[in-house]
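A.B. asks: Give me the fold of what follows.
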Amino acid sequence: MTCVAVLFGGISAEREVSLSSGRQVAGALAQAGYAVAPIEVTEDLSATIAALRAARPDAVFNALHGRFGEDGCIQGVLDWMGLPYTHSGVRASAVAMDKGAAKAVFAAHGLPVAEGRVVSPEELEAADPLPRPYVVKPVDEGSSVGVTILREGDNRRAEVARGWRFGRRIMAEAFVPGRELTVAVLGDRALAVTEISTGNVFYDYEAKYADGGSRHLLPAPIHPAAAQEAMRVALEAHRALGCRGVSRADFRYDDTGGEPGRLVLLEVNTQPGMTPTSLLPEQAAHAGIPFPQLCRWIVEQARHGT
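C.D. replies: Reported below is the predicted structural model:
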């Protein structure tokens, strides 16, 4: 029987999300017939390495999210250990996690992105980096952690800058009105387009993970040409970054002037959530792929190296 170690937890701001993903994945893999070795990752990297050596897995399912789990760090450790692992390799993971670097790759491939620039907390405190409204967010966090929208008349800019706790770089990006869309990619296939509707100001952490925080409209009720374009761009972004296995592209869709509207690629998530409210499993189910089968497919794509 194939043994799969499931890494979950981690030390990023998305630890709780990863714990939920890991529990779901471990159960599904057991249901799919694998021997499962759950490994909760903490700040003690040596303990994680020891647990992996003790488990001697045939493959590692990386269910970590955020920094050190999604940014190429744990991928480098697994490459060093010679263990096949799921999702993207070091290079694609590192570039996708760095919003500034990813935006440069997308722009170079002709994909639609919002105007943006990376600034320091001091620069943000001193002046608006872009015309308002604009969004500030961490360069290397996920799940909308640390995201703030600054609009006309909002006097929080200096307060946000002084209280910044997500490193020395801040991504400032033009705010795009309209709707929130997402597209999951499996290998060479874009699955579907989901519209995310929430009563919150935007699709923030609470909207993503709290019960009732958002509604997922699948398939998204948008113009067919816009849906086709979203799926095309998601697949192109996956390829441009060099992703493998699964990814999920997030978009803003500005239909305020009518449809088909303007599509803007925000980011690509190389470690999509696998929680009960996550979008990838939902789109897979819509495409006729049950959760255990999805997890099996992801494991079958596992390898090490770029």
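A.B. asks: Contacts made by the helix or strand containing Val299 with the rest, please.
C.D. replies: Here Val299 is covered by helix 291-300, with elements defined by DSSP states H and E. For helix 291-300, contacts defined as CB atoms under 8 Å, 6 or more residues apart in numbering pick out 2, 4, 24-25, 28-29, 31-32, 34, 59, 61, 86-87, 186, 245-246, 274, 280-281, 284-285, 289. Placement of C-beta: from N, CA and C, glycine included.
A.B. asks: What subset of those residues is buried?
C.D. replies: Buried by 16 or more other CB atoms under 10 Å: 4, 24-25, 28-29, 32, 34, 59, 61, 86-87, 186, 245-246, 274, 280-281, 284, 289, out of these.
A.B. asks: quick one: which of the residues you listed sit in strands?
C.D. replies: Val4, Ala59, Phe61, Leu186, Val246 (DSSP state E).
A.B. asks: which residues touch the first one?
C.D. replies: Which is Val4. Val4 touches Leu29, Tyr34, Ala35, Val36, Ala37, Pro57, Asp58, Ala59, Val60, Phe61, Val299, counting by CB under 8 Å, 6+ apart.
A.B. asks: Quick one: the helices in the stretch 101-250 of the chain, in order.
C.D. replies: Taking DSSP state H, counting those that start in this stretch as the test, the helices found in the stretch 101-250 of the chain are 121-126, 157-162, 205-209, 224-241.
A.B. asks: between those helices, which gets the lowest average pLDDT?
C.D. replies: Averaged per stretch, pLDDT over these is lowest on helix 205-209, reaching a mean of 48.
A.B. asks: Of the contacts of Val4, just say which sits nearest to Ser197.
C.D. replies: Using CB to CB, Phe61 is the member of these that lies nearest Ser197, at 30.7 Å.
A.B. asks: pretty sure the closest one is in contact with Ala28, am I right?
C.D. replies: No. Counting by CB atoms under 8 Å, Ala28 is not a contact partner of Phe61; they are 9.7 Å apart.
A.B. asks: Out of the contacts of Val4, which is nearest to Val264?
C.D. replies: Phe61 (31.8 Å).
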